[in-house]
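Q: After the sequence you'll find the predicted model.
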Amino acid sequence: MTLQKPLPGTKRACVIGAGLSGLALAIRLQAAGIQTLVVEARSAPGGMATSERRDGFTFCSGPTALADRNAIDELWALCGTTVEHDLPLLPVEPLSRFSWPDGGTFDLTVDDAVLTREIARIAPGDLAGYDEYLRVARAILSDFRARPGPAPFAGPRDLALAMPLLARHQAWRTLASLIAHHIKSERLREVLAVPALMGGANPYSASALLAADHARERAGLWWPEGGIGLLAEKLAGRFAALGGTIRLNDPVVHVHAMGNRAHEVETQSGWRDRFSAIASTADRDHTWRDLLGGTSRGAELAARTRRLRHAPGLFTVHFALEGTWPGIPHRMVLFGPRFRALIDDIYEHGVLPQDQMIWLGHPSVTDPTLAPPGKSVFQAGVPVPNLGQLPIDWEAVGPMLERRVLAEIGRRLVPDIEDRLIVHFHTTPRDLALEFNAARGTGFGIDPPPLYRGWQGEVIRDKAFANVYLAGVAAAPGGGLTGALAAARTCATTMLEDLS
């Protein structure tokens, strides 16, 4: 066991977790002059957004595209360079293709003229309504750009300052009600609700502020050439170039506190060190229950967190196929025969339905470096109830659901999929629970209610711990990379104010 003592007056910060949010927070702190150390349990940075090489293919976990280009550019600007200096960000077009069981499709695109033709084709009565919805969504994005969707407020004062904007945009309304106010077509309503679902939020209960996600997507989606894992690797490199340090393959097991301050971080190897401030991007329940479980307040907060509604889990099938498939875009949503009833099954009833909604990623159509010549890589995500709602044996159910997902993709897109399969494997909510200490096996964290009141629980910082902070999925209800990066920005601002 080693205990390093900082020089008198030195302000040092520890960030627990080297996911994209943890790296973003660490870069902001290090660039502001706070000596920062990142501690990561796994052998590589990235967290849930990583890449894995198998048989010459690169399989990526996490987002199928980057929706907030500004947040990425901002991080590289803090490092004194541009993201293009390290890796190209490739535009994704169309943004998404939506497919229904009867063969109907809809392409969401950046191009206004093309999108107008698409809307006129499936919902001609909604052309004016869509224009108004987009105007509202863009206004929300403009007013809440630093806090997309329901990302947390730092505290009551922060919330009070935002109240006029919250009132202007009727933030207490649900996203579904806002969409329905402008759009008559059920299919177009489903299209506009999908971005919230992809962030783990239920559009029938989450805030109308999530309309900003659609405006953000219309501004463009991007893919890092080489995969999501390479993006994490390059961010880690930029953090190191600023003078920061990353400690890999050594999970934090305890945060030592005395009174209202935490003072030391201890890892599984026995390493310990002192810090002025500590931020956790790990699961919120894991942070309170395990890392600060030795304190009465930590146990109390863990119990409170367990009583909150959690977002769904995600079942993901990764697979590679013989052949290239230029007709299958980078992102598709394969709707099932039900929409609202399916969401209710997943969020409310906790059942594994026979039908499914498949979020299909085909990154090799944008980035051929992910697969050998003449072959393709895919990622199929299916939202499912979390382990708290449906504690099933995923080791038994997983292979069955994988076959069902591949069969549906084969039926609708690749008729001879069984003959073309080269590699295939899946991950389940149980895997996230085991690998990332994700409460109830969800990578999306807490399910955001209509107007997220995270300030009431001091989401960024609890009143009992003056120098312990939360960021990433621990602070951003509903999860998703955009919210996690916004939470990192909010957390960094709060920490720097406290450390100044």
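A: Done, it's in. Residues are numbered from 1 along each chain as shown.
Q: Dig out what F319 forms beta bridges with.
A: F378, H424 (DSSP bridges).
Q: doesn't H424 make contact with it?
A: Yes: with contact defined as Cβ atoms under 8 Å, F319 counts as touching H424 (3.9 Å). C-beta: built from backbone N, CA, C; applies to glycine.
Q: And the two? Which one has more around it.
A: Each of F319 and H424 has its neighbours counted (other Cβ atoms under 10 Å); F319 has more, 23 against 17.
Q: Distance check, the more buried one against F335.
A: 20 Å (Cβ to Cβ, to the nearest Å).
Q: Then S177?
A: Distance from S177 to F335, by Cβ to Cβ: 21 Å.
Q: Those two: which is more packed in?
A: F335 (21 against 13).
Q: Setting aside sequence neighbours, what's the nearest residue to that one?
A: Closest residue to F335 apart from its sequence neighbours, by Cβ to Cβ, 6 or more residues apart in numbering: W100 at 5.1 Å.
Q: Any stretches of the stretch 101-250 of the chain with poor pLDDT?
A: The model of the stretch 101-250 of the chain has pLDDT under 70 over residues 145-156, 158-159.
Q: which stretches of this structure have low pLDDT?
A: For the chain (pLDDT under 70), the answer is 1-9, 145-156, 158-159, 449-459, 477-479.
Q: Tell me which stretches of the stretch 201-350 of the chain form strands.
A: Taking DSSP state E, counting those that start in this stretch, the strands of the stretch 201-350 of the chain run over residues 221-224, 245-247, 252-258, 261-267, 272-274, 277-280, 313-322, 331-334.
Q: In its sheet, which strands sit next to the fifth one, and in what direction?
A: With DSSP bridges as the criterion, the sheet partners recorded for strand 272-274 are strand 3-4 (parallel), strand 261-267 (antiparallel).
Q: Mind listing what's buried along it?
A: By 16 or more other Cβ atoms under 10 Å, the buried positions in strand 272-274 come out as 273-274.
Q: Now do it: distance to the chain's middle.
A: Its chain's average C-alpha position is 30 Å from that of strand 272-274, according to Cα atoms, centre = their mean, to the nearest Å.
Q: Likewise for the last one?
A: Distance of strand 331-334 from its chain centroid, counting by Cα atoms, centre = their mean, is 18 Å.
Q: and it, what does it pack onto?
A: strand 96-99, strand 358-361, helix 394-412 (3 or more Cβ pairs under 8 Å, 6 or more residues apart in numbering; DSSP states H and E).
Q: hey, which of these is tucked in deepest?
A: The highest average neighbour count among the helices and strands packed on strand 331-334, using mean count of other Cβ atoms under 10 Å, belongs to strand 358-361 at a mean of 22.
Q: before we move on, back to that, would you reformat the strands paired with strand 272-274 as CSV and include distance to L161 and mean neighbour count?
A: Below are those laid out as CSV (distance: least, Cβ to Cβ, whole Å; neighbours: other Cβ atoms under 10 Å):
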stretch, distance to L161, mean neighbour count
strand 3-4, 39, 10
strand 261-267, 27, 19
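Q: got these as a markdown table, with distance to T482 columns?
A: Listed next are the strands paired with strand 272-274 as a markdown table, based on distance: least, Cβ to Cβ, whole Å:
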| stretch | distance to T482 |
| --- | --- |
| strand 3-4 | 36 |
| strand 261-267 | 28 |
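Q: Among those, which comes closest to P195?
A: strand 261-267 (36.0 Å; Cβ to Cβ).
Q: Now do the residue nearest to F335 against S280, distance only.
A: Separation of W100 from S280 (Cβ to Cβ) stands at 42 Å.
Q: Next: I417.
A: Distance, I417 to S280, using Cβ to Cβ: 42 Å.
Q: more crowded one of those two?
A: More crowded of I417 and S280, by other Cβ under 10 Å: S280, with 28 against 18.
Q: ok, that one - contacts?
A: Contact analysis of S280 by Cβ atoms under 8 Å, 6 or more residues apart in numbering lists 15-17, 255, 287, 291, 468-471, 474.
Q: And G410, by the same measure?
A: G410 touches 416-418, counting by Cβ under 8 Å, 6+ apart.
Q: Distance to S276 and secondary structure added to the residues you listed, as CSV?
A: Converted to CSV, the contacts of G410 look like this (distance: Cβ to Cβ, whole Å; DSSP: H, G, I helix; E, B strand; the rest coil):
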residue, distance to S276, secondary structure
D416, 60, coil
I417, 55, helix
E418, 57, helix
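Q: which among those gets closest to D73?
A: I417 (38.2 Å).
Q: rewinding a little: what sits in contact with each of F319 and H424?
A: L406.
Q: neighbours around G229, how many?
A: Neighbour tally, G229, other Cβ under 10 Å: 22.
Q: Excluding covalently adjacent residues, which one is nearest to it?
A: That would be S51: by Cβ to Cβ, 6+ apart, it lies 2.7 Å from G229.
Q: and A201, which of the strands of the stretch 201-350 of the chain is closest to it?
A: Of all these, strand 313-322 comes closest under Cβ to Cβ, at 13.1 Å.
Q: which helices and strands sit right next to that closest one?
A: By 3+ Cβ pairs under 8 Å, 6+ apart, strand 313-322 packs against strand 57-60, strand 375-384, helix 394-412, helix 417-420, strand 421-427, helix 429-436.
Q: Roughly how far does the spatially closest residue to S43 that is not a sequence neighbour sit from A24?
A: Counting by Cβ to Cβ, 6+ apart, S43 lies nearest to N249, which is 4.7 Å off, once chain neighbours are set aside. Per Cβ to Cβ, N249 is found 21 Å from A24.
Q: now V397
A: The spacing between V397 and A24, counted by Cβ to Cβ, is 35 Å.
Q: next one: A279
A: A279 is 11 Å from A24, by Cβ to Cβ.
Q: Which one, of the helices and strands packed on strand 331-334, ends up nearest to A67?
A: strand 96-99 (11.0 Å).
Q: Which neighbouring elements make contact with that closest one?
A: In terms of contacts (3+ Cβ pairs under 8 Å, 6+ apart), strand 96-99 is packed against strand 105-108, helix 186-198, strand 331-334.
Q: I'd like the ones you listed as a markdown table, with distance to L314 and mean neighbour count appended.
A: Listed next are the helices and strands packed on strand 96-99 as a markdown table, based on distance: least, Cβ to Cβ, whole Å; neighbours: other Cβ under 10 Å:
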| stretch | distance to L314 | mean neighbour count |
| --- | --- | --- |
| strand 105-108 | 21 | 20 |
| helix 186-198 | 10 | 23 |
| strand 331-334 | 14 | 23 |
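Q: Include distance to C491 when you put these into a markdown table, please.
A: Formatted as a markdown table, these follow (distance: least, Cβ to Cβ, whole Å):
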| stretch | distance to C491 |
| --- | --- |
| strand 105-108 | 32 |
| helix 186-198 | 23 |
| strand 331-334 | 29 |
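Q: Nice, that's everything, thank you.
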